[in-house]
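Chemist: no FASTA, just this:
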Ligand code: HBI
Ligand code: FE
(Lines give C-alpha, C1' and ligand atoms only; values in the text may rest on other atoms or scores of the structure.)
(Ligands and ions follow the chains in the order given, each with its own letter.)
Protein backbone atom coordinates (compact mmCIF):
# COMPACT_ATOMS: atom_id res chain seq x y z
CA UNK A 1 0.00 0.00 0.00
CA UNK A 2 1.34 3.37 -0.97
CA UNK A 3 0.35 6.08 1.44
CA UNK A 4 0.56 9.67 0.25
CA UNK A 5 2.69 11.62 2.70
CA UNK A 6 2.09 15.02 1.16
CA UNK A 7 -0.95 16.79 -0.16
CA UNK A 8 -1.51 17.35 -3.83
CA UNK A 9 -0.85 20.87 -5.02
CA UNK A 10 -2.04 22.78 -8.06
CA UNK A 11 0.76 21.22 -10.08
CA UNK A 12 -1.07 17.91 -9.83
CA UNK A 13 2.29 16.19 -9.31
CA UNK A 14 3.06 16.63 -5.65
CA UNK A 15 2.98 13.46 -3.66
CA UNK A 16 0.95 11.37 -6.08
CA UNK A 17 1.73 7.82 -5.13
CA UNK A 18 -1.17 6.06 -6.82
CA UNK A 19 0.40 5.37 -10.19
CA UNK A 20 3.77 4.35 -8.76
CA UNK A 21 5.28 0.92 -9.29
CA UNK A 22 6.27 -1.29 -6.34
CA UNK A 23 9.65 0.41 -6.29
CA UNK A 24 7.85 3.79 -6.26
CA UNK A 25 9.25 4.75 -9.65
CA UNK A 26 7.01 6.96 -11.78
CA UNK A 27 7.48 8.69 -15.12
CA UNK A 28 8.93 12.18 -14.81
CA UNK A 29 6.05 13.45 -16.99
CA UNK A 30 8.23 16.36 -18.08
CA UNK A 31 5.56 17.79 -20.38
CA UNK A 32 3.26 18.37 -17.40
CA UNK A 33 5.53 21.12 -16.05
CA UNK A 34 4.02 24.55 -16.71
CA UNK A 35 5.89 27.64 -18.00
CA UNK A 36 5.53 29.09 -14.47
CA UNK A 37 7.33 26.09 -13.01
CA UNK A 38 10.18 26.36 -15.51
CA UNK A 39 10.44 30.05 -14.70
CA UNK A 40 10.55 29.29 -10.96
CA UNK A 41 13.29 26.71 -11.60
CA UNK A 42 15.31 29.31 -13.56
CA UNK A 43 15.08 31.79 -10.69
CA UNK A 44 16.04 29.17 -8.08
CA UNK A 45 18.88 27.97 -10.29
CA UNK A 46 20.21 31.48 -10.89
CA UNK A 47 20.10 32.44 -7.22
CA UNK A 48 21.78 29.28 -5.99
CA UNK A 49 24.36 29.19 -8.77
CA UNK A 50 25.67 32.56 -7.62
CA UNK A 51 26.05 31.34 -4.02
CA UNK A 52 27.50 28.03 -5.12
CA UNK A 53 30.27 29.72 -7.09
CA UNK A 54 31.53 31.14 -3.85
CA UNK A 55 30.73 28.45 -1.31
CA UNK A 56 30.46 25.00 -2.92
CA UNK A 57 33.35 22.59 -3.38
CA UNK A 58 35.00 22.32 -6.81
CA UNK A 59 33.42 18.96 -7.52
CA UNK A 60 29.92 20.35 -7.09
CA UNK A 61 30.63 23.39 -9.27
CA UNK A 62 32.08 21.23 -12.03
CA UNK A 63 29.18 18.79 -11.85
CA UNK A 64 26.65 21.60 -12.01
CA UNK A 65 28.37 23.13 -15.03
CA UNK A 66 28.38 19.78 -16.82
CA UNK A 67 24.67 19.28 -16.15
CA UNK A 68 23.90 22.66 -17.75
CA UNK A 69 20.39 22.78 -16.31
CA UNK A 70 19.70 26.50 -15.97
CA UNK A 71 17.15 26.81 -18.76
CA UNK A 72 14.27 25.07 -16.99
CA UNK A 73 13.39 21.91 -15.10
CA UNK A 74 15.75 19.36 -16.65
CA UNK A 75 14.75 16.10 -18.29
CA UNK A 76 16.10 13.26 -16.14
CA UNK A 77 16.86 11.30 -19.32
CA UNK A 78 19.32 13.96 -20.45
CA UNK A 79 21.21 13.77 -17.16
CA UNK A 80 21.21 9.97 -17.36
CA UNK A 81 23.28 10.02 -20.52
CA UNK A 82 25.96 12.03 -18.71
CA UNK A 83 25.75 10.11 -15.42
CA UNK A 84 25.84 6.72 -17.07
CA UNK A 85 29.16 7.35 -18.73
CA UNK A 86 30.66 9.26 -15.78
CA UNK A 87 29.84 7.06 -12.75
CA UNK A 88 27.23 4.51 -13.81
CA UNK A 89 24.40 6.21 -11.91
CA UNK A 90 20.89 6.68 -13.24
CA UNK A 91 18.06 8.91 -12.04
CA UNK A 92 14.58 7.52 -11.45
CA UNK A 93 11.58 9.78 -10.86
CA UNK A 94 9.63 9.27 -7.61
CA UNK A 95 6.56 11.01 -6.14
CA UNK A 96 8.44 12.22 -3.01
CA UNK A 97 9.68 10.47 0.13
CA UNK A 98 9.73 6.74 -0.31
CA UNK A 99 10.11 3.99 2.33
CA UNK A 100 13.59 3.43 3.72
CA UNK A 101 14.04 -0.08 2.33
CA UNK A 102 13.04 1.03 -1.18
CA UNK A 103 15.32 4.05 -0.97
CA UNK A 104 18.26 1.88 0.10
CA UNK A 105 17.57 -0.63 -2.66
CA UNK A 106 17.68 2.06 -5.34
CA UNK A 107 20.97 3.43 -4.03
CA UNK A 108 22.51 -0.04 -3.76
CA UNK A 109 21.86 -0.40 -7.50
CA UNK A 110 23.11 3.06 -8.43
CA UNK A 111 19.67 4.44 -9.08
CA UNK A 112 19.09 7.85 -7.50
CA UNK A 113 15.44 8.66 -6.70
CA UNK A 114 14.59 12.21 -7.77
CA UNK A 115 11.30 13.76 -6.66
CA UNK A 116 9.47 15.05 -9.71
CA UNK A 117 7.44 17.96 -8.35
CA UNK A 118 8.70 21.52 -7.80
CA UNK A 119 8.15 23.59 -4.68
CA UNK A 120 5.53 26.35 -4.73
CA UNK A 121 6.25 30.05 -4.99
CA UNK A 122 5.79 30.63 -1.23
CA UNK A 123 8.37 27.99 -0.25
CA UNK A 124 11.35 29.05 -2.36
CA UNK A 125 13.63 29.36 0.66
CA UNK A 126 13.07 26.17 2.57
CA UNK A 127 10.96 23.07 2.69
CA UNK A 128 11.28 19.97 4.80
CA UNK A 129 10.56 17.39 2.09
CA UNK A 130 12.63 16.88 -1.03
CA UNK A 131 11.40 18.38 -4.31
CA UNK A 132 12.96 18.29 -7.78
CA UNK A 133 15.08 21.36 -7.05
CA UNK A 134 16.58 19.84 -3.91
CA UNK A 135 17.04 16.40 -5.45
CA UNK A 136 18.34 17.48 -8.84
CA UNK A 137 20.23 20.70 -8.20
CA UNK A 138 21.46 19.60 -4.79
CA UNK A 139 22.31 15.94 -5.31
CA UNK A 140 22.89 15.19 -8.98
CA UNK A 141 26.07 17.28 -9.49
CA UNK A 142 27.75 15.24 -6.74
CA UNK A 143 26.73 11.96 -8.40
CA UNK A 144 29.33 12.82 -11.03
CA UNK A 145 32.05 12.65 -8.36
CA UNK A 146 33.54 9.14 -8.12
CA UNK A 147 33.91 9.21 -4.32
CA UNK A 148 30.31 10.28 -3.74
CA UNK A 149 29.10 7.83 -6.40
CA UNK A 150 30.81 4.93 -4.61
CA UNK A 151 29.80 6.10 -1.16
CA UNK A 152 26.09 6.28 -2.03
CA UNK A 153 26.09 2.74 -3.34
CA UNK A 154 27.78 1.57 -0.13
CA UNK A 155 25.24 3.46 1.93
CA UNK A 156 22.41 1.73 0.07
CA UNK A 157 24.00 -1.65 0.66
CA UNK A 158 24.50 -0.92 4.37
CA UNK A 159 20.83 -0.05 4.79
CA UNK A 160 19.37 -3.54 5.05
CA UNK A 161 21.73 -4.58 7.83
CA UNK A 162 21.18 -1.36 9.77
CA UNK A 163 17.42 -1.90 9.62
CA UNK A 164 17.76 -5.52 10.72
CA UNK A 165 19.94 -4.45 13.66
CA UNK A 166 17.64 -1.65 14.79
CA UNK A 167 20.28 0.92 13.89
CA UNK A 168 18.62 2.73 11.01
CA UNK A 169 18.82 6.07 12.77
CA UNK A 170 22.54 5.68 13.30
CA UNK A 171 23.18 4.97 9.64
CA UNK A 172 20.80 7.73 8.53
CA UNK A 173 22.86 10.26 10.50
CA UNK A 174 25.85 9.46 8.28
CA UNK A 175 23.78 10.37 5.23
CA UNK A 176 22.37 13.44 6.92
CA UNK A 177 25.70 14.89 8.05
CA UNK A 178 27.50 14.20 4.75
CA UNK A 179 25.31 13.86 1.66
CA UNK A 180 22.76 16.36 3.02
CA UNK A 181 24.74 18.72 5.27
CA UNK A 182 28.41 17.95 4.72
CA UNK A 183 31.27 20.43 4.52
CA UNK A 184 34.72 19.72 3.08
CA UNK A 185 38.07 21.46 3.41
CA UNK A 186 39.40 22.94 0.23
CA UNK A 187 42.51 25.10 -0.18
CA UNK A 188 42.50 25.84 3.55
CA UNK A 189 38.87 27.02 3.56
CA UNK A 190 35.50 25.43 4.18
CA UNK A 191 33.27 24.48 1.26
CA UNK A 192 29.79 23.01 1.05
CA UNK A 193 28.94 19.72 -0.63
CA UNK A 194 25.73 18.64 1.14
CA UNK A 195 22.55 18.92 -0.89
CA UNK A 196 20.42 20.12 2.02
CA UNK A 197 22.70 23.11 2.40
CA UNK A 198 23.22 23.71 -1.30
CA UNK A 199 19.50 23.78 -2.12
CA UNK A 200 18.91 26.43 0.57
CA UNK A 201 20.08 30.01 0.01
CA UNK A 202 20.08 30.88 3.70
CA UNK A 203 21.91 27.79 4.90
CA UNK A 204 24.57 27.95 2.17
CA UNK A 205 25.78 31.25 3.57
CA UNK A 206 25.19 30.28 7.22
CA UNK A 207 27.04 26.97 7.08
CA UNK A 208 30.33 28.50 5.99
CA UNK A 209 30.12 32.06 7.35
CA UNK A 210 28.49 31.81 10.78
CA UNK A 211 31.24 32.28 13.34
CA UNK A 212 29.43 30.49 16.20
CA UNK A 213 28.14 27.24 14.71
CA UNK A 214 29.94 24.04 15.74
CA UNK A 215 32.12 22.49 13.04
CA UNK A 216 33.76 19.17 13.91
CA UNK A 217 36.16 16.98 11.96
CA UNK A 218 34.34 14.05 10.33
CA UNK A 219 34.41 10.92 12.47
CA UNK A 220 31.93 8.18 11.53
CA UNK A 221 31.13 7.03 15.07
CA UNK A 222 30.72 10.58 16.36
CA UNK A 223 28.39 11.28 13.44
CA UNK A 224 26.31 8.15 14.10
CA UNK A 225 25.84 9.31 17.68
CA UNK A 226 24.74 12.86 16.86
CA UNK A 227 21.06 13.87 16.68
CA UNK A 228 19.94 16.29 13.99
CA UNK A 229 17.05 18.64 13.29
CA UNK A 230 15.07 18.52 10.06
CA UNK A 231 13.34 21.89 10.25
CA UNK A 232 16.06 24.37 11.28
CA UNK A 233 19.59 25.24 10.23
CA UNK A 234 21.99 22.66 11.67
CA UNK A 235 23.79 23.35 14.94
CA UNK A 236 26.67 21.05 14.06
CA UNK A 237 28.40 20.43 10.74
CA UNK A 238 31.00 17.73 10.15
CA UNK A 239 33.93 18.57 7.93
CA UNK A 240 35.74 16.12 5.64
CA UNK A 241 39.42 16.59 4.82
CA UNK A 242 38.50 15.62 1.27
CA UNK A 243 35.70 13.68 -0.43
CA UNK A 244 37.56 10.32 -0.66
CA UNK A 245 37.73 10.37 3.16
CA UNK A 246 34.08 9.33 3.06
CA UNK A 247 34.99 6.02 1.46
CA UNK A 248 38.29 5.53 3.25
CA UNK A 249 36.69 6.24 6.61
CA UNK A 250 33.80 3.81 6.16
CA UNK A 251 34.94 0.89 4.04
CA UNK A 252 37.06 -0.81 6.69
CA UNK A 253 34.63 -0.03 9.49
CA UNK A 254 32.82 -2.95 11.16
CA UNK A 255 29.37 -1.46 11.69
CA UNK A 256 28.00 -4.41 13.72
CA UNK A 257 29.85 -3.74 17.00
CA UNK A 258 29.35 0.01 16.61
CA UNK A 259 25.61 -0.44 16.22
CA UNK A 260 25.47 -2.77 19.21
CA UNK A 261 27.44 -0.37 21.39
CA UNK A 262 25.50 2.80 20.58
CA UNK A 263 22.02 1.98 19.28
CA UNK A 264 20.39 2.06 22.73
CA UNK A 265 22.40 5.01 24.07
CA UNK A 266 20.65 8.39 23.73
CA UNK A 267 22.29 10.44 20.96
CA UNK A 268 24.41 13.50 21.62
CA UNK A 269 22.35 16.65 21.14
CA UNK A 270 23.16 18.70 18.05
CA UNK A 271 25.40 21.63 18.85
CA UNK A 272 27.10 19.95 21.80
CA UNK A 273 30.87 19.69 21.88
CA UNK A 274 32.50 17.01 24.04
CA UNK A 275 35.33 18.03 26.42
CA UNK A 276 38.05 16.28 24.40
CA UNK A 277 36.94 17.61 21.03
CA UNK A 278 38.58 20.29 18.95
CA UNK A 279 36.07 22.23 16.89
CA UNK A 280 37.44 23.61 13.66
CA UNK A 281 38.27 27.24 14.25
CA UNK A 282 36.28 29.63 12.11
CA UNK A 283 38.62 31.04 9.51
CA UNK A 284 36.43 33.91 8.36
CA UNK A 285 34.83 33.02 5.06
CA UNK A 286 32.96 36.05 3.80
CA UNK A 287 29.30 36.02 2.86
N1 LIG B 1 13.03 9.11 -0.01
N2 LIG B 1 12.72 10.35 -1.93
C3 LIG B 1 13.42 10.09 -0.82
N4 LIG B 1 14.51 10.85 -0.54
C5 LIG B 1 15.26 10.62 0.57
O6 LIG B 1 16.25 11.31 0.80
C7 LIG B 1 14.87 9.58 1.44
C8 LIG B 1 13.74 8.84 1.12
N9 LIG B 1 13.36 7.84 1.93
C10 LIG B 1 14.11 7.48 3.11
C11 LIG B 1 15.26 8.37 3.37
N12 LIG B 1 15.59 9.32 2.58
C13 LIG B 1 16.09 8.27 4.59
O14 LIG B 1 15.26 8.21 5.71
C15 LIG B 1 17.10 7.12 4.53
O16 LIG B 1 18.33 7.68 4.07
C17 LIG B 1 17.32 6.49 5.85
FE1 FE C 1 18.34 15.09 -0.11
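Modeler: Looks like it came in fine. Since the model is a prediction, treat every value here as computed from it, not as a measurement. Numbers count the residues shown, from 1 in each chain. Ligands and ions are numbered 1, 2, ... in the order given.
Chemist: Now do the contacts for the spatially most central residue of the chain.
Modeler: In the chain, the residue lying closest to the centroid (C-alpha atoms, centre = their mean) is residue 180, at 3.3 Å. By C-beta atoms under 8 Å, 6 or more residues apart in numbering, the contact list for residue 180 reads 194, 195, 196, 197. Where you see a C-beta, it was placed from the backbone N, CA and C, and this is true even at glycine.
Chemist: can you pick the most crowded of the residues you listed?
Modeler: Using other C-beta atoms under 10 Å as the neighbour criterion, residue 194 leads these with 30 neighbours.
Chemist: quick one, what contacts it?
Modeler: By C-beta under 8 Å, 6+ apart, the neighbours of residue 194 are 138, 177, 178, 179, 180, 181, 182, 183.
Chemist: Check residue 27 too.
Modeler: Counted by C-beta under 8 Å, 6+ apart, residue 27 has contacts residue 93.
Chemist: Helix, strand, or coil at residue 237?
Modeler: Under DSSP: H, G, I helix; E, B strand; the rest coil, residue 237 falls in the strand class.
Chemist: wait, doesn't it sit right on residue 181?
Modeler: Yes: at 6.1 Å, residue 237 counts as touching residue 181 under the criterion of C-beta atoms under 8 Å.
Chemist: so what sits against both of those two?
Modeler: Each of residue 207 lies in contact with both residue 237 and residue 181 under the rule C-beta under 8 Å, 6+ apart.
Chemist: can you pull out the helices in the stretch 101-250 of the chain?
Modeler: 132, 140-143, 146-164, 168-175, 195-198, 201-209, 220-224, 244-251 (DSSP state H, counting those that start in this stretch).
Chemist: Pipe the ones you listed into a markdown table and attach distance to residue 280 and mean pLDDT per row.
Modeler: A markdown table is the format used below for these (distance: least, C-beta to C-beta, whole Å; pLDDT from 0 to 100):
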| stretch | distance to residue 280 | mean pLDDT |
| --- | --- | --- |
| helix 132 | 33 | 97 |
| helix 140-143 | 21 | 98 |
| helix 146-164 | 20 | 96 |
| helix 168-175 | 19 | 97 |
| helix 195-198 | 16 | 96 |
| helix 201-209 | 11 | 93 |
| helix 220-224 | 13 | 97 |
| helix 244-251 | 14 | 91 |
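Chemist: Of those, which is nearest ligand 1?
Modeler: Closest to ligand 1 of the helices of the stretch 101-250 of the chain is helix 168-175 (C-beta to the nearest ligand atom; 3.9 Å).
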